[in-house]
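K.L.:
let's see this in three dimensions:
(one chain, ligands or ions: 5)
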Amino acid sequence: MKLSLVLLGLADLAAVWADPTWPSQIDELEEIMFQQTSFRARRFSGSVSPCSSEASGPGRQNAAEWLRTAFHDMSTANTFFGTGGLDGSLQYELGNSENLGPGLRTTLQFMVPFFSRRSSLSDLIALGVYTSVRSCGGPIVPIRAGRIDATRAGAVGVPQPQNSVFTFQQQFERLGFSTVEMIQVTACGHTIGGVHTAQFPDILPAANADANGQRSLDSSVAVFDNRVVTEYLTSNTTNPLVVGPSVRINRHSDFKVFNSDRNVTMNALADPTAFRNACRAVLQKMVDVVPPNVALTEPIAPYMVKPVNLQLALMNGGSTLQFTGFIRVRTTEVPREMILNVVITYKNRDGGSTCGSAPCTITTTVQGVSQGFDDTFAFYPILYNIPAATGISSFIVTINHVDGTSETYDNNGNEYPMSDAVFLQPLQSCILGSTGVLRVTAAVRNDRISQGARAFISFKVPQTNSPVPLLGNATITMEQGNCAGRYTFFSANYTITGGMAYESNFDVINGDRMDAFKSVSLLGGTCRAFANPIACVPVGPSTSLTTSTRSSSISSSSGSSSSSTTSTTASTTPSSTIPSSTIPSSTTLSSTTPSSTTLSSTTPSSTTPSAPVASPYHRSRMGDYQLISCWTEGEGVRALNARSYAADNMTLEACMGYCAGYTYWGTEYSRECYCGNTLVASSDEAPMEDCSMLCAGDGSQYCGGGSRLELYSLVGTQTRTSSPTPRPTPSHRAEIGRYDLVGCWSEGVGSRALAAKHTASSDMTNDMCAEFCDEYKYFGTEYGSECYCGNSLHSSSASAPQAECRMRCSGDGSQFCGAGDRLELYMDPDLVVREPEQPAAAGDFVALGCQTEVQGRALRGPSLADDGMTNEMCAEFCAEFEYFGTEYGRECYCGDSLPETSTEAPAADCRMLCAGSRTEFCGGPDRLSTYIKQQAMMV
Ligand SMILES: *[C@@H]1O[C@H](CO)[C@@H](O)[C@H](O)[C@H]1NC(C)=O
Ligand SMILES: *[C@@H]1O[C@H](CO)[C@@H](O)[C@H](O)[C@H]1NC(C)=O
Ligand SMILES: *[C@@H]1O[C@H](CO)[C@@H](O)[C@H](O)[C@H]1NC(C)=O
Ligand SMILES: *[C@@H]1O[C@H](CO)[C@@H](O)[C@H](O)[C@H]1NC(C)=O
Ligand SMILES: *[C@@H]1O[C@H](CO)[C@@H](O)[C@H](O)[C@H]1NC(C)=O
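P.N.:
Ligands and ions are numbered 1, 2, ... in the order given. Okay, here's the model as predicted:
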């Protein structure tokens, strides 16, 4: 099986490969790997797609940097000793002169938000190889998971251009690669990307480079093809590692490698198919070089059917378990137009098929689609109220096709497990972002409360010696709180330090059950009280369905295993215990629910479904009201606070009727309705896709989301607003400090318009961004909360109508902060951007050149490290000495002599900007910008 995988395409792979049994340890990586664009996209390919994307600077192709990152991380392995390999140790080796250039650091920084206890940095680096190669049109490199991250730097030993072919062979042998594989991995790695003058001026003098200071390794820089091979063989290559100045100084490393078996391997790679197959195999081998204690999984393949973000939550005072989430269906071979609907058939808590007054089925139609490089997926939303009396233990999924056929997925015979023993209460949990205070509330079934509850929290702790944080964790005991029906709440407070609280996740645990890997970023900023709890139903350890059923007012025939034919009494049941109808309500599909109990009176009784189901959509106009957008709740207050109610038959019409006469109304969280004449100032516009919950009473309408209002206002509202604090009308600020408004500009194509640095904040303003970009000529705000800086504007960015920059700043509703793909662009007209240089003199010293560092330090006098380091500062500190040198941006060394072992290095090695000045250089990794006393020079 393993062998054949290498030879199969992904389509073939799915044919022979069953879904993993869910849940699986690869679930998080699978999502990062395949959900690339559109609905619920993770956008891991964001900075390498298209293949030509440049994110760490002009001429620096990200896809090539990602491949280089994987190679540099693994190539210090020693397979004889079983050390190193792809282990993320590169994060601690960035200062090493083997790892020159900004691209390695930028790559790791991009990966940080994806890094978690279920996606190690080293697995993400491996995934980066699949992603960048595929983005450039290369083969599908199979990716296994399970790598373990190193916690410190590994050995040195990245192959360098000046090595002899013999050294290369030895180095690759140490990595476990034959000479043939050495040639293959070099050719496959060098089909994209180029050499940069900044790092290798002797190989690529500026005169040979393009305007961005780089030269590509073949004539198709952004295509994963074999031109790097064919151009070499026909001797018309311009690869600087084959021809040009590198030959004279013996740094033509590609030539040395390609020629090492008299071109036998290169001739074989001249066949495009042979090239693709070789690259697939050798790049997989490259990422699979791991220490012997690492056990890798089978290659990650996309699930055909995958439950996503499932969540139970106690609702309606405790009488129902609200079941939310999605079933994700792979639609690569069976297009979603062929799918009529998806039906979830669940089992109650005891494994039986009695689910209160309703059938144990949930019918759903598509809400959104997403794409990977080779796959498409459709998402079928779940929003269903399960009676708390009967609960849930597992489910199976049936996909009904429009042609009347259907397929059932049962998780490899195990059914999809779903425990109602313990689960997070999302609305009673919250995160106070600025302080990192997390409040977690879980519901525990009453027969299990003697086992208590605890929370396991996994968070990120920034490290000073790496751009990647470490993972910290804490296990805290939760305190027992109130009871509501069959469940009791447990909660705990925990302060997440390190400033990265939103990237944390946690489990709530009760005995051997848990609700795992909950993302803090999905929690709201305020915890809500649990409304109107029903009387506590203490249940003994041997709870049975009979007990449960008796205590509810539903008289269903308990114990019946032939399920859904029993409950025709639904209409006489109090509404609080009626599960809300399925989504969409009008489509309970008869073919999968024999003798359907017809929750919806409009259900056609036919057994052959005909018309496709209407998809839900946002209603732009409701009577005298118009849809404004999706809006956030206020900070610590309700956005609309005049009146409210909640009901399981909520519809937009019902809310509008209830709020008649008010200026604003909005629906939230499927079943809540709020009215008001004013909208609090801290409430703000949110992306429309945040409002993705269907109305509990009408599955064809949207009723907001968690802490999100589907907000309507009276047409022509302005005249009727009686707000004491009217929401300010936003404006475009002509000036922010010393910056002038340039206008509304589009993002760059293939590169950020402003690429020097960026940040994002939920309280972004133009002033905040100006301060963050203080040392740059330009700054721009985008998408309400993002901020970008740069000294130049990418040439592909273009002026757009000012009106297109229409998103309010997340931190100040009175100013605009760009929009999607649009920058609110400002410029300091007076700032003259100076190219950084090595000052010729500093204090009484004159520049001597760039010198290598030696074992035990070249300059052995006093030393200083300072975040304000400049050459001038170091000159002053070393005033009593004959020499000083600045190193690694912020270090300063003094000495009275310079040992002979410290030799002159290329000026380009000393290109790190001083920590205290962006216009001068302060050495580099293991390189000193060296200065000598002026008098000494003259002696
Ligand atoms: C080499 O020759 C091929 C075929 O004529 C051509 O397509 C390619 O662009 C040439 N490469 C360079 C670097 O000139
Ligand atoms: C291999 O091919 C290159 C490029 O055509 C050529 O320069 C070199 O001499 C060849 N090597 C041998 C051993 O033939
Ligand atoms: C929690 O942190 C400790 C100390 O860093 C670590 O040894 C342990 O493996 C972590 N536990 C989990 C489950 O990640
Ligand atoms: C958590 O903090 C809130 C707010 O300070 C407090 O009301 C609550 O009692 C705390 N809960 C626990 C379990 O300590
Ligand atoms: C919604 O349900 C309530 C009972 O909970 C009922 O009074 C009301 O009429 C229903 N509304 C609609 C529109 O069906």
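
K.L.:
ok, the residue in the stretch 501-650 of the chain that ligand 1 sits nearest to to Pro899 distance?
P.N.:
Closest to ligand 1 within the stretch 501-650 of the chain is Glu503: 44.2 Å, counting by CB to the nearest ligand atom. For every residue, glycine as well, the C-beta is placed using N, CA and C. From Glu503 across to Pro899, the span is 46 Å (CB to CB, to the nearest Å).

K.L.:
what of Ala755?
P.N.:
Ala755 sits 40 Å away from Pro899, going by CB to CB.

K.L.:
and those two? which has more neighbours close in?
P.N.:
Ranked by neighbour count (other CB atoms under 10 Å), Ala755 and Pro899 place Ala755 first, with 21 against 15.

K.L.:
residue of the chain closest to ligand 4, please.
P.N.:
Residue of the chain nearest ligand 4, by CB to the nearest ligand atom: Asn493 (3.7 Å).

K.L.:
buried ones in the helix or strand hosting that residue?
P.N.:
For Asn493, the element it lies in under DSSP states H and E is strand 487-495. Buried residues in strand 487-495, counting neighbours by 16 or more other CB atoms under 10 Å, are found at 487-492, 494.

K.L.:
likewise stretch 401-418?
P.N.:
In terms of neighbour count (16+ other CB under 10 Å), stretch 401-418 has its buried residues at 406, 409, 411, 415-416, 418.

K.L.:
repeat for stretch 304-324
P.N.:
Applying 16+ other CB under 10 Å to stretch 304-324 flags 304-308, 310-324 as buried.

K.L.:
picking that back up, distance check, the closest residue to the residue of the stretch 501-650 of the chain closest to ligand 1 other than its chain neighbours against Ile32.
P.N.:
Leaving aside its chain neighbours, Glu503 sits nearest to Lys460 (5.3 Å; criterion: CB to CB, 6 or more residues apart in numbering). As defined by CB to CB, Lys460 lies at a distance of 16 Å from Ile32.

K.L.:
which parts of the stretch 651-800 of the chain are helices?
P.N.:
Using DSSP state H, counting those that start in this stretch, the helices of the stretch 651-800 of the chain run over 652-658, 766-772.

K.L.:
same question, the stretch 301-450 of the chain
P.N.:
Counting by DSSP H, counting those that start in this stretch, the stretch 301-450 of the chain contains no helices.

K.L.:
which bits of it sit near ligand 5?
P.N.:
Residues of the stretch 301-450 of the chain found near ligand 5 (CB under 6 Å from any ligand atom): none.

K.L.:
returning to that earlier point: now render the buried residues of stretch 401-418 as TSV, adding distance to Arg822.
P.N.:
Listed next are these as TSV, based on distance: CB to CB, whole Å:
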residue	distance to Arg822
Ser406	45
Tyr409	43
Asn411	44
Glu415	48
Tyr416	42
Met418	43
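
K.L.:
among those, which are in strands?
P.N.:
Here DSSP state E is the test, and these give 406, 409, 416 as lying in strands.

K.L.:
near ligand 2, which residues of the chain?
P.N.:
232-233, 235, 259, 262-263.

K.L.:
please repeat the previous calculation with a cut-off of 5 Å.
P.N.:
Residues of the chain found near ligand 2 (CB under 5 Å from any ligand atom) are 235, 259, 262-263.

K.L.:
looking at those residues, which is nearest ligand 1?
P.N.:
Of all the residues of the chain next to ligand 2, ligand 1 sits closest to Ser235, with 8.9 Å by CB to the nearest ligand atom.

K.L.:
where does that closest one land in three-state SS?
P.N.:
Secondary structure, DSSP: H, G, I helix; E, B strand; the rest coil: Ser235 is coil.

K.L.:
ramachandran angles for Gly843?
P.N.:
Dihedral pair for Gly843: phi 60, psi -130, per degrees, to the nearest 10.
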